[in-house]
Structure formats: structure tokens, C-alpha cells
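[1] Would you be able to build a 3D model of this:
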Amino acid sequence: MTAAGGSAPTAHGLTVGLVGPVPPRRTSLAEETAWMAAQLAGRGADVRLVAVTDPLDDGTGPLLLDGVRTAAEWRAGTEGAERAALRVLGDADVVVVQHQPARDGNGGLHGPDDSAGSPLVRFLQRCPAPTVLVLHDVPSATDPGGRDEIGRLARLADVVVVQSEVARRRTLAAAGEVDGLHVVPRAAVLGAPTATPHSGTPRPGRTPRDGNPSVLTFGFLDPDKAIEDAVVAVADLDDLSAPVRYQVCGPTASGVLELEGEHYRSGLRILAKALKVEDRVQILDGYRSAAALAAQLHRADAVVLPYQSHDTTSSAALVEALAAGRPVVATAFPHAVELLSDGAGILVAPGDRAAMTSAIRTVLARPRTASSMSARAAEVGRQFHPDRVMEAYLELLEGVQQQVDLRRTTPPRHAALPGAETEPLTA
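    Presented below is the predicted three-dimensional model:
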């Protein structure tokens, strides 16, 4: 991918603050923050990474992440957590904040609220540099508290980035008119989105290429992903001439691990045994390298996403599956409805195990249908090419950078916070 004129855009001379969780935190948000840091640094930017950590995380000191060293730590849930970020990012050309709305009061850039608002509100109000707020999953009207938070944050940031059209609509509904609202999709980082579309390889009843058709669910394990529904659905596929192999791949999400350990993973294995399919339902432990996970993805005949959430407006697994040209069977969560409604997969109602069984059967037993879905998936997946996504961000950052001089000659955008006039931003 190249910019107009034939040369790839760079970020030389640009100082970019980047705020977000990073590995070893087990979230897709942490992985995306790490990807963006590496991409920006690789294109010549001076990246100042502020790592958002959880109070339960062990202090490990500065991290070196693909050549990018953390400049400060934002320990979520603690008083004044935003101050460390303000100290090191005040003179940046632009600051990018990766934000995931809290679930059950946990996660994201949250902490004790006071009369001045949440730590992230205070940060956006006080940061002298222009800010780009990247929103991951925008709550619906059924979550008025979360929607109010998104509305306030969107009005404070200079630029707001969402990752889907449904997220754009929800942000506008929450904040009203928002200057500088952009849709930039997630990047597919496991493999090139130019993957050869599904070839219509013969399915059960003919001669499967490796003896068994296979379906895959991957990503961070979380009870909200309702993987048990897919296990039951696969167990009901007993009318095909070859047994279906189902692989569930990925580590348990950090928040789940801290609250209940590996109880959810163990429960999935117990369920598979109770259904007498433990020989073909594999709940794989731990991380896979990007190359290993990409290979699993390309071997799969279908990807299954049985999520329960109504607020998933950005799904990393969905993006990766489409970029790899895999047919997708998914519940009708918002991002899936947006991307699969035009033939790249099959949508079913959350919790409808019979419909999921039928949908998986359709993909595995009808080669022509699967081939058509795969071709459409690959077409949709082109928009997630990492170079294309990063070029969109660089174009945004270049535009935001032009605001720096103007910002320094105009009054502050927001009213001063209590005590802010006496509190230094540097240490």
C-alpha cells in the first residue's frame, strides 16, 4: 500500500504520545496499542508510550516493546493516575489514547471520580497537545452511563476514531455533533488480507482434505464469548460423514484470569467431555505466535464467533477471519451484522444453538456456498490491510499536527480544573 504519488507515508519528525494497555496484559486493546507503537516507530516517529496498567499488575518497571520504551505508567484505578501521562506528553505533537469502555466498573482508563470527572476526562481537559481518542466498542442506549461517558469524552478530544460504522452512529447519538469523527478499521495483523479465497474444497460426503472438516474460535477467552454454545453446536453435527474438529485457541483474558483463574476454560473441557466430543473439541492453552495462529486460521474451514455481547462494535477475531478469507458463523453482534450481512458469513441469534449448528453445517456441507462466502470475506477483508490502516492514521496525525501552533496561541479549550492552576505538569 502506498500513498498518492507512489511513496509510503512516514512519521519522521513527529513526536507521538500513545496511551493504552500493552502486553503482557491479555486484551485485544493491549495488542493493538503494541501494534500501533511498533508501526509508528518503524515509520520514524518518536513514540512516547504511556502504559496503562491495572492495580493488580506487578510493577515491572519500564517495558521495551518492539523497540519502544515506556515513558510512564498510568495505573488505572488510582488517584491522580493521569498525572504521569501529563508529565511526559505535554510537549508531544499529538497524543493518541486507546480507550475501552469499562465493563462492570473495571478496565479502561478509569479510576476514582471526583468533581472534575474521571481520570481520562481530566487528562483530555488538561493535555496541552492535540488528542486523538480511539474508541473500542461504543455502548448502546441500553447502557446510559457508558453512553454518557463516551459522549463527554468525544466532545473533549480533538479527533475521535471509531472502528466501525455502527460505532460512528452510536458516538454521534451519545455526543451529538462531533468535529473530527473518523472511521478507521482495526488492522488485520496475523497475515496478509490477500489470502487466496476459500477454494470450495470438498466437504464431508466427499473427501475432506485432511480427513476432518475444522472450525475455529480464537482470541482471548471470556465467558461473554459464549464458547459453550459453539461446543454444543459442534456436538450436534453428527449427521456429517466425517466428524467435525473444533479448536478454541487463545489465552484467558486478564480480567477473567484475575477474577476466576482458568475456571471458564476448565468448564469448556468438562462440557466437551460430558457431550462425548472431547476427542475432537480442543481447548488449546496459552499464546500462539502470530505465524502459528495465522496458519491455524488458514487451515480452518470456518470461524465461529458465538458472542453474547450487544456492544461489540469492534472485533479483532472477525477482522482477522475476513482478512484471511474464511467464512464466518457469528451471532448478530453489531460488528458482525455490519460486516457479514453481504454474504461473507452467516448470522444467528445469540444463544440459538440449533441455528448455529445449522449454519456451521451449511458452510461445511455446501462447498459452493462456502466458496462464495470466502470470496466475499476476502473482498471485505482488504480494508483491514495493516498498511492501509496505518496510512489512514498517519493522514489523521498529519492533520492534527497542524493544530499545534494554533493551540499555543489561543486560550485553552476547557475551563481550568480545581487546583489545576497551581499543580505543575512536570516533575
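
[2] what about Trp74, distance to Arg122?
    The spacing between Trp74 and Arg122, counted by C-beta to C-beta, to the nearest Å, is 12 Å. For the C-beta atoms, the positions are set from N, CA and C on the backbone; glycine is no exception.

[3] Find residues that contact each of these two.
    Glu82 (C-beta atoms under 8 Å, 6 or more residues apart in numbering).

[4] Val328 and Pro130: what is the separation?
    Per C-beta to C-beta, Val328 is found 37 Å from Pro130.

[5] Once you drop chain neighbours, what's closest to Leu190?
    Spatial nearest neighbour of Leu190, excluding adjacent residues (C-beta to C-beta, 6 or more residues apart in numbering): Ala294 at 4.2 Å.

[6] How about the helix or strand containing that neighbour, which residues are buried there?
    Secondary structure from DSSP states H and E places Ala294 in helix 290-299. Buried residues in helix 290-299, counted by 16 or more other C-beta atoms under 10 Å: Leu293, Ala294, Gln296, Leu297.

[7] Equivalent analysis for stretch 320-332, please.
    Of all the residues in stretch 320-332, those buried under the rule 16+ other C-beta under 10 Å are Glu320, Ala321, Leu322, Ala323, Ala324, Gly325, Arg326, Pro327, Val328, Val329, Ala330, Thr331.

[8] Endpoint to endpoint, it covers what distance?
    Distance between the two ends of stretch 320-332: 18 Å, counting by C-alpha to C-alpha, to the nearest Å.

[9] still on that earlier bit, could I get the buried residues of helix 290-299 as a markdown table with pLDDT?
    Listed next are these as a markdown table, based on pLDDT from 0 to 100:
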| residue | pLDDT |
| --- | --- |
| Leu293 | 91 |
| Ala294 | 92 |
| Gln296 | 93 |
| Leu297 | 94 |
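
[10] nearest to Val166, of the residues you listed?
    Nearest to Val166 among the buried residues of helix 290-299 is Leu297, at 24.3 Å by C-beta to C-beta.

[11] Could you pull up the residues touching that closest one?
    The contact partners of Leu297, taken as C-beta under 8 Å, 6+ apart, are Leu190, Gly191, Leu216, Phe218, Val303, Glu320, Ala321, Ala324, Arg326.

[12] and if we set it to 7 Å?
    Residues in contact with Leu297 (C-beta atoms under 7 Å, 6 or more residues apart in numbering) are Leu190, Leu216, Glu320, Ala321, Ala324, Arg326.

[13] Same question for Ala167.
    By C-beta under 7 Å, 6+ apart, the neighbours of Ala167 are Leu135, Val138, Thr313, Ser314.

[14] Average pLDDT for whatever helix or strand it lives in, rounded please.
    Under the criterion of DSSP H and E, Ala167 resides in helix 165-175. Here helix 165-175 scores 95 as its mean pLDDT.

[15] Can I get that helix as CSV, trimmed to CA atoms?
    What follows is helix 165-175, C-alpha atoms only, in CSV (Å, rounded to 0.1, in the frame of the first residue of the first chain):
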residue,chain,number,x,y,z
GLU,A,165,-19.9,2.4,11.1
VAL,A,166,-22.2,1.3,13.9
ALA,A,167,-19.7,2.8,16.4
ARG,A,168,-19.8,6.0,14.5
ARG,A,169,-23.6,6.2,14.7
ARG,A,170,-23.6,5.4,18.4
THR,A,171,-20.9,8.0,19.1
LEU,A,172,-23.0,10.7,17.3
ALA,A,173,-26.1,9.6,19.2
ALA,A,174,-24.1,9.9,22.5
ALA,A,175,-22.3,13.2,21.8
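
[16] Give the residue spans of the protein that score low on pLDDT.
    Where the chain drops to pLDDT under 70, the residues are 1-9, 55-66, 102-117, 191-211, 403-427.

[17] 50 instead?
    Applying pLDDT under 50 to the chain flags residues 1-6, 61-62, 104-108, 111-112, 114-115, 192-209, 415-427.
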